[in-house]
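Enquirer: Here is my input; please provide its structure:
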Amino acid sequence: RKEYVDLYVNYVFNKSVQKPFEDFMQGFLRGCPARNWKMFFPEELQVLLQGYTTFDWHLLEKNVMYSQYTKLDQTIRNFWTVFHKLSEEKKKMFLVFLSGSDRITGYGLECFRFWIEDPQVENPDESSPYASTCSHILFLPR
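Expert: Numbers count the residues shown, from 1 in each chain. Reported below is the predicted structural model:
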C-alpha cells in the first residue's frame, strides 16, 4: 500500500504536471532569464514577486500627500481615526481599493506614496470616495 500511495502522490504532484510546468518554465525563462534571478536570495525574490504582506500602517499615514487638504483638516483627521480602528483585513481591502493590490512590492511602505485629494464636488454629502489605482490617489469628499 505504501508503494501505491507513493507512486500515486508522485504522479499527482510531479508526473501529471511535468509537461505543462516545462512549457511554463521555458516561456518564463525566455522573458526572464535565470541569470537575472540568481542575484537574489530566495526571501528577496519572494518579496519582489509577491510583495509584502505585513505593513506599518502608521508609516502609510506618514507618507501620504495631500491635495486641497492638509493633515490637520477635520476630514483627514476623521479618516485616519477610522482607518486605524479597522481590522487588518479591512485595511488590506482599502489598499486594494487604492492600488489594485493588497500587497506592496519593491521597497515596501517606506517608499509607497499615495495622495488624498478633495474632488471638490458641489455637494460632498452626496458623493462617495473613489480612487485612481494607477496614480494612487484617493478622492475623499469633504
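
Enquirer: center of this structure - which residue?
Expert: Closest to where the C-alpha atoms of the chain average out (C-alpha atoms, centre = their mean) is residue 103, at 2.1 Å.

Enquirer: so who does it touch?
Expert: For residue 103, the contact set (C-beta atoms under 8 Å, 6 or more residues apart in numbering) comprises 50-53, 95. From N, CA and C alone the C-beta is placed, and that goes for glycine too.

Enquirer: So the chain: which segments form each domain?
Expert: What the TED database lists as the domains of the chain is 1-50, 57-139.

Enquirer: looking at these, which one has the lowest mean pLDDT?
Expert: Among the domains of the chain, domain 1-50 has the lowest mean pLDDT, at a mean of 86.

Enquirer: What is the subsequent helix or strand relative to the longest helix along the chain?
Expert: Determined from DSSP state H, the single longest helix within the chain is helix 18-31. Beyond helix 18-31 on the C-terminal side, the first helix or strand identified by DSSP states H and E is helix 34-37.

Enquirer: Can you give the distance of that next one from its chain's centre?
Expert: 24 Å (C-alpha atoms, centre = their mean, to the nearest Å).

Enquirer: repeat for stretch 70-82
Expert: With C-alpha atoms, centre = their mean, you get 23 Å for stretch 70-82.

Enquirer: With stretch 51-71 instead?
Expert: 14 Å.
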